[in-house]
Structures are given as structure tokens and as C-alpha cells.
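Trainee: Compute the structure for the input listed below.
(chains A and B)
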Amino acid sequence: DTGVSQDPRHKITKRGQNVTFRCDPISEHNRLYWYRQTLGQGPEFLTYFQNEAQLEKSRLLSDRFSAERPKGSFSTLEIQRTEQGDSAMYLCASSLGTGAALTYEQYFGPGTRLTVT
Amino acid sequence: AQSVTQPDIHITVSEGASLELRCNYSYGATPYLFWYVQSPGQGLQLLLKYFSGDTLVQGIKGFEAEFKRSQSSFNLRKPSVHWSDAAEYFCAVGPMDTGRRALTFGSGTRLQVQP
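Mentor: Below you'll find the model as predicted:
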């Protein structure tokens, strides 16, 4: 399978706990994105990496959220002290970096559904 | 800031009927335009994209979309809908000239297909 993969697919946690999600992009893609999607809404951008550098962060990414891409391959998104409002689908996407148009052609993984109880 | 509007939250069509899903964007220049489809509990699959050139673009699964600059629209069409097309459809834009790399999505249109 050469698509974007995410793990876990589902996570149920209690309020106040920390959670970490993993994303493995398409192997030749050097750009990686995290989005959050709540029920009935389209995805909202959280953050973006080019290789290992985190180049852009949304205002949605509070200080409880941190994302890394240590070797420019897989990425992790950690949420500390989870709140019920963090319940959402967290989507990862990747794209090629060769040219602006291809940068925007993003391919999405299946997502991690987080439920905070 | 750019925005994307999908005016129809929910559309129901009969199998075999034609389909048009509306998308309007607000942006100072021509953005890159995309349509994605999302089945329940799944990620998003890219249906088609517009970067430049011919304003009618073909995508996968028999879908097409037409970019109309004068109307700031990028509507998705399919001549004959199949039951398997039932899903949620998202229009998205990417700004060409701001340096940002994030896509901005509409709130989606849920398509229901009646037998």
C-alpha cells in the first residue's frame, strides 16, 4: 500500500490524558500536513512540514498541541491534557514539493478519530 | 482571507439522474481548486483538480468540474449517479500567491442516492 497511513484509527481517552497520533506519508512526498475535522464540517488546517521543518501553524494549534517530523518521514501529533472539545477526526495529508501546484495536490490518510470522554 | 462556500448541505438524487454540486470561492486571484470525496469514517479522496488552462476538468469516477472565473465557481457534475456515489463531497481551494500551503475547505455537501 503506497498511500498515506495513520495510526491508530480510533482513540478513546479520558479528559486530561495525553494522546499521540502517527502519520506515514507517501514515501516520495516531502510535505506533510495535519488537519482537524469536526462533525459536519470540512477539514481545518493545523500545521505543515516540509521535510523535518515545521513551516506553518494555524491558530487552531494551541500550546497543548505539538507536532514533529524528526527525520522528514513520519510525523506525530501529540495533544496534551485533552479536552472534550478536542474530539474530532485528525487527518494527515502529504504532497510533492516540486512546484506550487503539486504542493497543493494533497493526498489524505484515513484519519484518526479521537473521542475524549 | 479566502473562503469556500458550498450552499447545499444535503442533496438527494435518484440513481441514474444527473448531479451538480455547487462551490463558490472568495479569493482575490484564481486559486488552485479541488474536489474531494469522503465516505463515512474515511479520509478524503481527490476527485479532480484545476490549476490552469481548460476550464472543464475531468476527474475519476466519471466526475467533471467547470471553473467559471466570472462567477467564482467550481461546480462538480456527473451525468449519471450511481448508488456508490453516496458520500460527502468537499470543495477546496489553495492560494497561489500567499506562500501558504494549506487548503481551505468548504463545509461539504452530503449526497444521498435513492434507488
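
Trainee: C-alpha only now, for contacts and for neighbours.
Mentor: Noted.

Trainee: for chain B, what are the nearby residues on chain A?
Mentor: Counting by CA under 8 Å from any CA of the partner chain, chain A comes close to chain B at A:33, A:40-45, A:48, A:56, A:91, A:100-101, A:103-111.

Trainee: Looking at chain A, what residue ends up closest to chain B?
Mentor: Residue of chain A nearest chain B, by CA to the nearest CA: A:Pro110 (3.9 Å).

Trainee: Would you confirm that that residue contacts A:Arg9?
Mentor: Yes: taking CA atoms under 8 Å as the definition, A:Pro110 is a contact partner of A:Arg9 at 7.5 Å.

Trainee: Show me which of those two is the more surrounded one.
Mentor: Just comparing A:Pro110 and A:Arg9: by other CA atoms under 10 Å in any protein chain shown the higher neighbour count belongs to A:Pro110, 24 against 17.

Trainee: before we move on, the earlier item: which residues touch the residue of chain A closest to chain B?
Mentor: A:Val4, A:Ser5, A:Gln6, A:Arg9, A:Leu91, A:Cys92, B:Gly41, B:Gln42, B:Gly43, B:Leu44 (CA atoms under 8 Å, 6 or more residues apart in numbering or on different chains).

Trainee: residues near A:Leu61, how many?
Mentor: Look at A:Leu61: counted by other CA under 10 Å, it has 15 neighbours.

Trainee: Ok, B:Ile11 next?
Mentor: By other CA under 10 Å, the burial measure for B:Ile11, its neighbour count, is 15.

Trainee: for A:Gln54, same thing?
Mentor: 16.

Trainee: Look up the closest residue to it, ignoring the ones flanking it.
Mentor: A:Tyr48 (5.8 Å; CA to CA, 6 or more residues apart in numbering or on different chains).

Trainee: Extract the residue ranges of the chain that are flagged as low pLDDT.
Mentor: In the absence of a named chain, chain A is used. Residue ranges of chain A with pLDDT under 70: A:1, A:97-103.

Trainee: hmm, I had chain B in mind actually
Mentor: B:95-100.

Trainee: Stretch A:104-111: how far from the chain's middle?
Mentor: Centre-to-centre, stretch A:104-111 and its host chain are 10 Å apart (CA atoms, centre = their mean, to the nearest Å).

Trainee: Compute the first-to-last residue distance for that stretch.
Mentor: Counting by CA to CA, to the nearest Å, you get 19 Å between the two ends of stretch A:104-111.
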